[in-house]
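Participant: whatever this is, show me its structure:
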Amino acid sequence: MKLIKTSVLLALILACQSKPEQNQKETYSPLVTEMYTADPSAHVFEGALYIYPSHDIDGGVPEDDLGSHFAMRDYHVLKMNSDETVQDMGKALDLDDIPWAKKQLWAPDIAEKNGTYYFYFPAKDMDDIFRIGVATASTPIGPFTPEVQPIAGAYSIDPAVFKDQDGSYYMYFGGIWGGQLQRWESGRYRPEDQYPNADEKAIAPKVAKLSEDMFQFESAVQDIQLLDAEGNPLLAGDNERRFFEAAWMHTYQGTYYFSYSTGDTHNIAYATGDSPLGPFTYQGVLLKPVLGWTNHHSIVEYNGQWFLFFHDSSLSKGVTHLRSIKKAKLVHLPDGRIQTIDAMVEVAQ
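Facilitator: Below is the predicted model of the structure:
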(Lines give C-alpha, C1' and ligand atoms only; values in the text may rest on other atoms or scores of the structure.)
Protein backbone atom coordinates (compact mmCIF):
# COMPACT_ATOMS: atom_id res chain seq x y z
CA MET A 1 0.00 0.00 0.00
CA LYS A 2 1.24 3.49 -0.81
CA LEU A 3 0.89 5.12 2.57
CA ILE A 4 2.54 8.50 2.92
CA LYS A 5 5.37 8.12 5.42
CA THR A 6 6.30 10.95 7.76
CA SER A 7 10.07 11.17 8.15
CA VAL A 8 12.82 13.70 8.41
CA LEU A 9 14.13 12.68 4.99
CA LEU A 10 10.78 13.21 3.30
CA ALA A 11 10.35 16.54 5.03
CA LEU A 12 13.73 17.70 3.72
CA ILE A 13 12.95 16.54 0.21
CA LEU A 14 9.60 18.28 0.18
CA ALA A 15 11.09 21.45 1.63
CA CYS A 16 13.51 21.64 -1.29
CA GLN A 17 10.83 21.16 -3.90
CA SER A 18 7.90 23.21 -5.07
CA LYS A 19 4.64 22.15 -3.49
CA PRO A 20 2.89 19.89 -6.03
CA GLU A 21 0.07 19.22 -3.59
CA GLN A 22 -1.24 22.75 -4.15
CA ASN A 23 -3.14 23.54 -7.35
CA GLN A 24 -3.16 26.96 -8.88
CA LYS A 25 -6.52 28.50 -8.11
CA GLU A 26 -8.93 27.86 -10.97
CA THR A 27 -12.44 28.96 -11.78
CA TYR A 28 -15.10 26.27 -11.53
CA SER A 29 -18.58 26.97 -12.88
CA PRO A 30 -21.86 25.56 -11.51
CA LEU A 31 -22.93 22.48 -13.46
CA VAL A 32 -26.62 23.29 -13.00
CA THR A 33 -28.11 26.79 -12.92
CA GLU A 34 -31.86 26.20 -13.20
CA MET A 35 -32.09 24.89 -9.64
CA TYR A 36 -29.91 24.67 -6.56
CA THR A 37 -28.09 21.40 -5.97
CA ALA A 38 -25.67 20.18 -3.31
CA ASP A 39 -23.92 17.12 -1.87
CA PRO A 40 -23.19 15.50 -5.27
CA SER A 41 -22.73 11.73 -5.35
CA ALA A 42 -21.25 10.88 -8.75
CA HIS A 43 -21.26 7.36 -10.23
CA VAL A 44 -20.70 5.70 -13.58
CA PHE A 45 -23.54 3.40 -14.64
CA GLU A 46 -23.96 1.79 -18.06
CA GLY A 47 -21.01 3.83 -19.36
CA ALA A 48 -22.54 7.18 -18.39
CA LEU A 49 -21.81 9.51 -15.50
CA TYR A 50 -24.75 10.28 -13.23
CA ILE A 51 -24.87 12.69 -10.31
CA TYR A 52 -27.21 12.26 -7.35
CA PRO A 53 -27.37 15.54 -5.42
CA SER A 54 -29.64 16.92 -2.77
CA HIS A 55 -32.04 19.59 -4.06
CA ASP A 56 -31.75 22.88 -2.18
CA ILE A 57 -34.83 25.07 -1.86
CA ASP A 58 -35.74 28.19 0.06
CA GLY A 59 -38.24 26.56 2.40
CA GLY A 60 -38.82 29.62 4.54
CA VAL A 61 -37.33 27.92 7.61
CA PRO A 62 -35.26 30.17 9.92
CA GLU A 63 -31.55 29.44 9.95
CA ASP A 64 -30.09 27.69 13.01
CA ASP A 65 -27.04 25.64 14.02
CA LEU A 66 -28.95 22.38 13.50
CA GLY A 67 -29.43 23.04 9.79
CA SER A 68 -33.21 23.32 9.93
CA HIS A 69 -33.10 25.72 6.98
CA PHE A 70 -31.77 22.90 4.79
CA ALA A 71 -35.37 21.88 4.14
CA MET A 72 -35.03 19.80 0.96
CA ARG A 73 -38.12 17.84 -0.14
CA ASP A 74 -37.11 15.79 -3.20
CA TYR A 75 -34.26 14.38 -5.26
CA HIS A 76 -33.39 14.84 -8.93
CA VAL A 77 -30.97 12.77 -11.01
CA LEU A 78 -28.46 14.52 -13.25
CA LYS A 79 -26.64 13.02 -16.24
CA MET A 80 -23.44 14.32 -17.79
CA ASN A 81 -23.57 14.54 -21.58
CA SER A 82 -20.66 13.88 -23.93
CA ASP A 83 -19.94 17.63 -24.11
CA GLU A 84 -19.76 17.69 -20.27
CA THR A 85 -22.99 19.64 -19.93
CA VAL A 86 -25.32 18.28 -17.28
CA GLN A 87 -28.93 17.32 -17.94
CA ASP A 88 -31.68 17.13 -15.32
CA MET A 89 -33.32 13.73 -15.79
CA GLY A 90 -36.23 14.67 -13.55
CA LYS A 91 -37.47 13.96 -10.07
CA ALA A 92 -36.38 10.62 -8.69
CA LEU A 93 -37.97 10.58 -5.23
CA ASP A 94 -40.30 12.88 -3.28
CA LEU A 95 -40.78 13.31 0.44
CA ASP A 96 -44.51 12.64 0.06
CA ASP A 97 -43.72 9.15 -1.27
CA ILE A 98 -41.74 8.04 1.80
CA PRO A 99 -44.12 6.66 4.48
CA TRP A 100 -41.76 7.02 7.43
CA ALA A 101 -40.16 10.39 6.57
CA LYS A 102 -41.24 13.79 7.88
CA LYS A 103 -38.72 16.26 6.42
CA GLN A 104 -35.16 17.13 5.32
CA LEU A 105 -34.03 14.89 2.49
CA TRP A 106 -30.30 15.50 2.87
CA ALA A 107 -27.27 14.07 1.03
CA PRO A 108 -27.98 10.72 -0.72
CA ASP A 109 -25.97 8.01 -2.44
CA ILE A 110 -26.65 5.07 -4.73
CA ALA A 111 -25.33 1.62 -5.63
CA GLU A 112 -26.09 -0.89 -8.36
CA LYS A 113 -26.29 -4.65 -7.94
CA ASN A 114 -27.54 -7.19 -10.45
CA GLY A 115 -29.41 -4.61 -12.47
CA THR A 116 -31.21 -2.98 -9.53
CA TYR A 117 -30.34 0.51 -8.33
CA TYR A 118 -30.45 1.11 -4.59
CA PHE A 119 -30.87 4.74 -3.60
CA TYR A 120 -29.89 5.51 0.01
CA PHE A 121 -31.04 8.71 1.67
CA PRO A 122 -31.38 10.32 5.11
CA ALA A 123 -34.51 12.00 6.43
CA LYS A 124 -36.03 12.88 9.75
CA ASP A 125 -38.75 10.51 10.90
CA MET A 126 -41.95 11.54 12.64
CA ASP A 127 -40.00 12.00 15.89
CA ASP A 128 -37.45 14.31 14.22
CA ILE A 129 -34.73 11.66 14.39
CA PHE A 130 -32.52 11.23 11.33
CA ARG A 131 -32.77 7.75 9.83
CA ILE A 132 -31.45 6.29 6.59
CA GLY A 133 -33.81 4.74 4.08
CA VAL A 134 -33.50 2.93 0.77
CA ALA A 135 -35.49 3.07 -2.45
CA THR A 136 -35.09 0.98 -5.60
CA ALA A 137 -35.44 1.31 -9.37
CA SER A 138 -34.57 -0.67 -12.48
CA THR A 139 -32.75 2.25 -14.11
CA PRO A 140 -30.21 4.82 -12.86
CA ILE A 141 -32.73 7.68 -13.17
CA GLY A 142 -35.64 6.08 -11.34
CA PRO A 143 -38.21 6.96 -10.27
CA PHE A 144 -37.32 5.14 -7.06
CA THR A 145 -39.77 3.24 -4.87
CA PRO A 146 -38.94 3.61 -1.16
CA GLU A 147 -39.18 0.90 1.46
CA VAL A 148 -41.91 1.39 4.06
CA GLN A 149 -39.42 1.57 6.94
CA PRO A 150 -35.87 2.92 7.25
CA ILE A 151 -32.91 0.55 7.47
CA ALA A 152 -32.78 -1.10 10.89
CA GLY A 153 -29.76 0.12 12.85
CA ALA A 154 -28.99 2.98 10.46
CA TYR A 155 -29.07 6.52 11.79
CA SER A 156 -27.73 10.03 11.33
CA ILE A 157 -26.95 11.32 7.80
CA ASP A 158 -24.74 11.19 4.70
CA PRO A 159 -24.85 7.55 3.61
CA ALA A 160 -22.05 6.64 1.18
CA VAL A 161 -22.02 3.15 -0.29
CA PHE A 162 -18.80 1.55 -1.53
CA LYS A 163 -18.40 -1.67 -3.52
CA ASP A 164 -15.18 -3.47 -2.67
CA GLN A 165 -13.24 -5.58 -5.15
CA ASP A 166 -14.65 -8.80 -3.65
CA GLY A 167 -18.22 -7.68 -4.37
CA SER A 168 -19.04 -6.66 -0.80
CA TYR A 169 -20.88 -3.40 -0.20
CA TYR A 170 -20.27 -1.12 2.76
CA MET A 171 -22.19 1.91 3.96
CA TYR A 172 -20.33 4.78 5.61
CA PHE A 173 -22.44 7.37 7.40
CA GLY A 174 -22.71 9.99 10.12
CA GLY A 175 -22.78 13.71 10.68
CA ILE A 176 -22.28 15.82 13.81
CA TRP A 177 -24.35 18.79 15.00
CA GLY A 178 -27.45 18.80 12.81
CA GLY A 179 -26.67 15.25 11.72
CA GLN A 180 -27.29 14.02 15.29
CA LEU A 181 -24.37 11.56 15.43
CA GLN A 182 -23.39 12.95 18.83
CA ARG A 183 -26.76 11.76 20.17
CA TRP A 184 -25.89 8.11 19.45
CA GLU A 185 -22.59 7.86 21.32
CA SER A 186 -24.14 5.74 24.08
CA GLY A 187 -25.35 3.20 21.51
CA ARG A 188 -28.93 4.46 21.76
CA TYR A 189 -30.53 7.73 20.72
CA ARG A 190 -30.64 10.45 23.36
CA PRO A 191 -32.24 13.80 22.47
CA GLU A 192 -29.52 15.74 24.30
CA ASP A 193 -26.28 16.58 22.48
CA GLN A 194 -23.25 14.88 24.02
CA TYR A 195 -19.83 15.99 22.79
CA PRO A 196 -16.41 14.75 23.98
CA ASN A 197 -13.96 17.16 25.54
CA ALA A 198 -11.31 18.64 23.28
CA ASP A 199 -8.62 16.26 24.61
CA GLU A 200 -10.78 13.16 24.16
CA LYS A 201 -11.14 10.95 21.10
CA ALA A 202 -13.26 12.59 18.41
CA ILE A 203 -16.68 11.24 17.48
CA ALA A 204 -16.08 8.65 14.77
CA PRO A 205 -17.83 8.09 11.44
CA LYS A 206 -19.67 4.79 11.17
CA VAL A 207 -19.52 1.85 8.79
CA ALA A 208 -21.50 -1.36 8.33
CA LYS A 209 -21.46 -4.10 5.72
CA LEU A 210 -24.66 -4.31 3.70
CA SER A 211 -26.62 -7.55 3.41
CA GLU A 212 -26.81 -9.53 0.18
CA ASP A 213 -30.20 -8.03 -0.64
CA MET A 214 -28.85 -4.48 0.00
CA PHE A 215 -31.79 -3.62 2.27
CA GLN A 216 -30.22 -4.24 5.68
CA PHE A 217 -26.93 -4.30 7.58
CA GLU A 218 -25.24 -7.69 7.62
CA SER A 219 -22.75 -6.62 10.27
CA ALA A 220 -22.95 -4.48 13.38
CA VAL A 221 -22.27 -0.79 13.00
CA GLN A 222 -18.69 0.02 13.96
CA ASP A 223 -16.51 3.09 14.33
CA ILE A 224 -14.04 4.14 11.66
CA GLN A 225 -10.68 4.83 13.33
CA LEU A 226 -8.98 7.99 12.10
CA LEU A 227 -5.36 8.19 13.25
CA ASP A 228 -2.49 10.65 13.08
CA ALA A 229 0.94 9.75 11.67
CA GLU A 230 2.00 8.30 15.03
CA GLY A 231 -1.03 6.01 15.21
CA ASN A 232 -2.94 8.06 17.78
CA PRO A 233 -6.69 8.68 17.38
CA LEU A 234 -7.63 12.16 16.20
CA LEU A 235 -9.03 14.21 19.08
CA ALA A 236 -12.25 16.17 19.32
CA GLY A 237 -10.36 19.46 19.56
CA ASP A 238 -8.44 18.78 16.36
CA ASN A 239 -10.91 20.75 14.24
CA GLU A 240 -8.65 20.89 11.19
CA ARG A 241 -8.46 17.09 10.85
CA ARG A 242 -11.21 15.27 12.70
CA PHE A 243 -14.40 13.95 11.10
CA PHE A 244 -17.58 16.01 10.95
CA GLU A 245 -19.69 14.67 8.04
CA ALA A 246 -19.70 13.75 4.31
CA ALA A 247 -17.89 10.39 4.29
CA TRP A 248 -16.70 9.01 0.95
CA MET A 249 -14.59 6.02 -0.05
CA HIS A 250 -12.57 5.30 -3.18
CA THR A 251 -9.58 3.13 -4.01
CA TYR A 252 -6.50 3.93 -6.03
CA GLN A 253 -3.69 1.48 -6.78
CA GLY A 254 -4.74 -0.82 -3.96
CA THR A 255 -5.06 1.87 -1.28
CA TYR A 256 -8.35 2.80 0.38
CA TYR A 257 -8.96 6.54 0.57
CA PHE A 258 -11.49 7.65 3.17
CA SER A 259 -12.39 11.31 2.64
CA TYR A 260 -14.69 13.56 4.65
CA SER A 261 -15.57 17.09 5.70
CA THR A 262 -14.04 18.59 8.81
CA GLY A 263 -17.24 20.59 9.23
CA ASP A 264 -16.73 23.80 11.13
CA THR A 265 -13.28 24.21 9.53
CA HIS A 266 -14.68 23.30 6.11
CA ASN A 267 -11.86 21.16 4.70
CA ILE A 268 -12.38 18.02 2.67
CA ALA A 269 -9.67 15.87 4.22
CA TYR A 270 -8.53 12.35 3.44
CA ALA A 271 -6.96 9.40 5.20
CA THR A 272 -5.60 6.12 3.84
CA GLY A 273 -5.72 2.49 4.88
CA ASP A 274 -5.44 -1.16 3.80
CA SER A 275 -9.05 -2.17 4.38
CA PRO A 276 -12.51 -0.71 3.77
CA LEU A 277 -13.01 -0.93 7.53
CA GLY A 278 -9.86 0.98 8.42
CA PRO A 279 -8.04 2.11 10.42
CA PHE A 280 -7.17 5.13 8.28
CA THR A 281 -4.19 7.43 8.72
CA TYR A 282 -4.74 11.14 8.10
CA GLN A 283 -2.85 12.43 5.07
CA GLY A 284 -4.03 15.94 4.24
CA VAL A 285 -6.60 18.19 2.59
CA LEU A 286 -7.85 17.46 -0.92
CA LEU A 287 -10.30 20.41 -1.13
CA LYS A 288 -9.90 23.67 0.74
CA PRO A 289 -12.96 25.48 2.15
CA VAL A 290 -15.43 26.80 -0.42
CA LEU A 291 -17.90 29.68 -0.40
CA GLY A 292 -20.74 28.75 1.94
CA TRP A 293 -20.74 27.05 5.30
CA THR A 294 -20.79 23.41 4.15
CA ASN A 295 -18.36 21.32 2.13
CA HIS A 296 -19.44 17.98 0.66
CA HIS A 297 -17.99 15.91 -2.17
CA SER A 298 -17.66 12.69 -4.13
CA ILE A 299 -14.80 11.18 -6.14
CA VAL A 300 -15.20 9.12 -9.31
CA GLU A 301 -13.12 7.84 -12.22
CA TYR A 302 -14.68 8.43 -15.63
CA ASN A 303 -13.10 7.76 -19.04
CA GLY A 304 -9.66 7.38 -17.49
CA GLN A 305 -9.79 10.64 -15.55
CA TRP A 306 -10.47 11.17 -11.85
CA PHE A 307 -12.93 13.88 -10.85
CA LEU A 308 -13.93 15.58 -7.64
CA PHE A 309 -17.54 16.76 -7.41
CA PHE A 310 -18.38 19.35 -4.76
CA HIS A 311 -20.65 22.33 -4.13
CA ASP A 312 -20.49 25.95 -3.09
CA SER A 313 -22.84 28.93 -2.76
CA SER A 314 -21.48 31.08 -5.59
CA LEU A 315 -24.64 30.93 -7.72
CA SER A 316 -26.76 32.24 -4.84
CA LYS A 317 -24.07 34.81 -3.96
CA GLY A 318 -23.25 33.22 -0.63
CA VAL A 319 -26.64 32.03 0.63
CA THR A 320 -25.66 29.09 2.82
CA HIS A 321 -28.54 26.76 2.02
CA LEU A 322 -28.76 27.50 -1.73
CA ARG A 323 -25.78 25.71 -3.20
CA SER A 324 -24.61 24.58 -6.64
CA ILE A 325 -22.60 21.54 -7.66
CA LYS A 326 -19.26 21.81 -9.46
CA LYS A 327 -16.49 19.49 -10.61
CA ALA A 328 -12.70 19.56 -10.76
CA LYS A 329 -10.02 17.19 -11.97
CA LEU A 330 -8.55 15.13 -9.14
CA VAL A 331 -4.84 14.28 -9.30
CA HIS A 332 -3.25 11.37 -7.44
CA LEU A 333 0.45 12.14 -7.04
CA PRO A 334 3.13 9.45 -7.50
CA ASP A 335 3.74 9.15 -3.75
CA GLY A 336 0.07 8.45 -3.02
CA ARG A 337 -0.93 11.93 -1.97
CA ILE A 338 -3.82 13.80 -3.58
CA GLN A 339 -3.17 17.23 -5.03
CA THR A 340 -4.99 19.91 -3.03
CA ILE A 341 -7.69 21.87 -4.84
CA ASP A 342 -8.49 25.50 -4.05
CA ALA A 343 -11.94 26.36 -5.43
CA MET A 344 -12.78 29.40 -3.32
CA VAL A 345 -14.46 32.20 -5.25
CA GLU A 346 -15.27 35.75 -4.26
CA VAL A 347 -18.78 36.88 -5.07
CA ALA A 348 -19.96 40.48 -5.09
CA GLN A 349 -22.87 40.90 -2.73
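Participant: need the contact list for residue 289.
Facilitator: Residue 289 makes contacts with 265-267, 295, 344, as judged by Cβ atoms under 8 Å, 6 or more residues apart in numbering. The way it works is simple: take the backbone N, C-alpha and C, and place the C-beta from them, glycine included.
Participant: most neighbours among those residues, which one?
Facilitator: residue 295 (26 neighbours; other Cβ atoms under 10 Å).
Participant: can you pull the phi/psi pair for that residue?
Facilitator: Per-residue torsions, residue 295: phi -140, psi 120 (degrees, to the nearest 10).
Participant: again with the one 3 residues further on
Facilitator: Geometry field for residue 298 lists phi and psi as phi -150, psi 160, criterion degrees, to the nearest 10.
Participant: roughly how far does it sit from residue 44?
Facilitator: As judged by Cβ to Cβ, to the nearest Å, residue 298 and residue 44 stand 12 Å apart.
Participant: higher neighbour count, those two?
Facilitator: residue 298 (25 against 15).
Participant: show the contacting residues for that one.
Facilitator: By Cβ under 8 Å, 6+ apart, residue 298 lies in contact with 40-42, 160, 248, 308-309.
Participant: in three-state terms, how would the residue nearest the centre of the chain be classified?
Facilitator: For the chain, residue 246 is the residue whose C-alpha lies nearest the centre (Cα atoms, centre = their mean; 3.1 Å). Taking DSSP: H, G, I helix; E, B strand; the rest coil as the rule, one finds residue 246 in the strand state.
Participant: pLDDT at it, what is it?
Facilitator: Listed pLDDT for residue 246 reads 98.
Participant: across the sheet, point out what pairs with the residue nearest to it when sequence neighbours are not counted.
Facilitator: Excluding its sequence neighbours, the residue lying closest to residue 246 (Cβ to Cβ, 6 or more residues apart in numbering) is residue 261, at 3.9 Å. Counting by DSSP bridges, residue 261 is bridged to residue 245, residue 268.
Participant: my guess is residue 261 meets residue 286, correct?
Facilitator: No. Residue 261 is not in contact with residue 286 according to Cβ atoms under 8 Å; the separation is 10.9 Å.
Participant: so what sits against both of these two?
Facilitator: With Cβ under 8 Å, 6+ apart, residue 261 and residue 286 have common neighbours 268-269.
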